[in-house]
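# have a look; sequence and predicted model below, questions after that.
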Amino acid sequence: MFDRMGWPKSAACLAGLLMIGFGFKERMHVQRMHADGRPALMDSAKAFTVPETANGKKQQPEYSFTTDKGVKVVSTRSFPAEIMPDLVAARLVRVLYDANDPGKMIFASERPSWIMIAAGALIIALAMVFL
């Protein structure tokens, strides 16, 4: 059981571990999509900016692509900074999608990131030193 003064350290370490776990999950997803994903070209991007709705909420850009079986997938997702020059220049953008679930996709220029893992490790280290 946690003592009264040890709970902030425990909570910070738990938060750091969760961040590390989610970071590794995201890295594995991106790596798996690069290894096994099917390529497609993005048909359109209806919004390059982030417009606001009437109630002030931000909207995510909408995109669509067609799978190799002819299924059109339309969804919303944040665009990574790597593809913005291609979108602004109206060049075609490649996506990689899961053949079993085309809604699971990444942009081909996306790379696995260490940011979430590093942030989680930093939180744990800071908690161990200062809390």
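Cool, the structure landed.
# what about the helices in the protein?
7-36, 84-88, 115-130 (DSSP state H).
# list the buried residues for the longest one?
So the one you mean is helix 7-36. Of the residues in helix 7-36, 9, 12-13, 16, 19-20, 23, 27, 30, 33 count as buried by neighbour count, 16 or more other Cβ atoms under 10 Å. Yep, even glycine has a C-beta here, placed from its N, CA and C like the rest.
# now those in CSV, with pLDDT and distance to I117?
Converted to CSV, these look like this (pLDDT from 0 to 100; distance: Cβ to Cβ, whole Å):
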residue, pLDDT, distance to I117
K9, 87, 20
A12, 91, 16
C13, 92, 15
G16, 95, 10
M19, 96, 7
I20, 96, 5
G23, 95, 4
R27, 94, 7
V30, 92, 13
M33, 92, 18
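# mind picking out the helix or strand in the chain with the poorest mean pLDDT?
Lowest by mean pLDDT, DSSP states H and E among the helices and strands of the chain is helix 84-88, with a mean of 72.
# can you show me the CA trace of it as PDB?
What follows is helix 84-88, C-alpha atoms only, in PDB (Å, rounded to 0.1, in the frame of the first residue of the first chain):
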ATOM      1  CA  MET A  84       1.600  19.400 -45.800                       C
ATOM      2  CA  PRO A  85       4.000  20.500 -48.600                       C
ATOM      3  CA  ASP A  86       2.500  17.800 -50.900                       C
ATOM      4  CA  LEU A  87      -1.100  18.900 -50.000                       C
ATOM      5  CA  VAL A  88      -0.400  22.600 -50.500                       C
END
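# what's the offset of it from the middle of its chain?
Taking the mean of its C-alpha atoms, helix 84-88 sits 18 Å from the chain's own mean (Cα atoms, centre = their mean, to the nearest Å).
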